[in-house]
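Let's see this in three dimensions:
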Amino acid sequence: MMEYIGATGAPVNIDDVPIKDGIDFHFILSFAIDADPSGTPQNGVFSPYWAETLTPDAVAGVKSRHPNAKAMASLSGWSLGPKTLSWYNPRDRDLWISNAFSSLQTLIQTYHLDGIDVDYERFPKRSNDSFAYCIGELITMLKNHSLITVATVAPFYTTVGPYAELHGRYGEVIDYVNYQFYTDKLRSPKKYLEAFRNRTLVFEGSKVLPAYEVDGRGIQGDEFFEALDLLEDKGFEIYGAMIFSADASAAGGYYYEERTQEFLLNNASRSFVH
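The predicted structure follows:
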């Protein structure tokens, strides 16, 4: 299971999120951004902008208490304050990769991270081929140096193109696709099934995870779990799930985290269950 945490700036407590034994639970710290506080690009130099409560000690603590807990950094996100963020084509791609590798190495070692999630959400209208090359090479380097063990990507309906190119060229180093199904604003389990089937045609089917936004867009409440049941009934194997986000879920006592983990634990063949 994967859950974004720290994206809203709310003082979310990572220890409050329920983690059941027997399932790999990935906290995705949101976000690490290659920009300064004003949103000016920093040519691959990433800094943490997640909630201040998500300290290195907090991450290390939850991992020590729950050996099945893992932590990742999500790269970019939609905005930094009022500034909307975009992928930009670096003049020197290899320098961007070098800067990104060095800065993320520091973040990974400081925050005890196990992986990265790629969540660039806006792209220039002209050629985006630098995205696939830069991100693909970055993930490859981080894995080759044993700095991370897992890498995910987080496309949505307007960004399928760049991520499909990335996956097509570097799919062997991408473990899961955190497709943001809630951005499709699906209103029924049947529509969810249709969207899920379509995305598995673009990305490797076993990598695509169902996703849910707490108190947000798309199907809400128990309909999400009806959609999961429908996916299984139609022959899709569910290898995990993604929730956005722990920040929003705190007020409801983390109901969706509990229910989602129960669903996954009841399907013992899933790779997220050990």
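
residues near Leu80, how many?
18 (other Cβ atoms under 10 Å). Backbone N, C-alpha and C define where each C-beta goes, glycine included.

Same check on the one 5 residues further on?
The number of residues packed around Leu85, counting by other Cβ under 10 Å, is 20.

What residues does it make contact with?
Contacts here follow Cβ atoms under 8 Å, 6 or more residues apart in numbering; on that basis Leu85 touches 33, 35, 39, 76-79, 120-122.

Pull out the buried members of those.
Among these, those classed as buried by 16 or more other Cβ atoms under 10 Å are 33, 35, 76-77, 120-121.

if we take the residues you listed, which one ends up nearest to Phe131?
Each of the buried ones among the contacts of Leu85 was scored against Phe131 by Cβ to Cβ, and Tyr120 proved nearest at 7.0 Å.

for the stretch 1-150 of the chain, what spans make up the helices?
56-65, 93-111, 129-144 (DSSP state H, counting those that start in this stretch).

which one of these is the most hemmed in?
Most buried of the helices of the stretch 1-150 of the chain by mean neighbour count (mean count of other Cβ atoms under 10 Å) is helix 129-144; its value is a mean of 19.

pLDDT on that helix, on average?
Averaging the model's pLDDT scores along helix 129-144 yields 96.

List every C-alpha atom in it, with coordinates, as CSV.
Output for helix 129-144, consisting of C-alpha atoms alone and laid out as CSV, is shown next (Å, rounded to 0.1, in the frame of the first residue of the first chain):
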residue,chain,number,x,y,z
ASP,A,129,11.8,14.0,-24.5
SER,A,130,14.1,15.3,-21.8
PHE,A,131,11.7,14.1,-19.1
ALA,A,132,12.0,10.4,-20.0
TYR,A,133,15.7,10.6,-20.4
CYS,A,134,16.4,12.6,-17.2
ILE,A,135,14.0,10.8,-14.9
GLY,A,136,14.8,7.3,-16.4
GLU,A,137,18.5,7.8,-16.0
LEU,A,138,18.1,9.2,-12.5
ILE,A,139,16.1,6.2,-11.3
THR,A,140,18.6,3.9,-12.9
MET,A,141,21.5,5.6,-11.1
LEU,A,142,19.7,5.6,-7.8
LYS,A,143,19.0,1.9,-8.1
ASN,A,144,22.4,1.0,-9.4
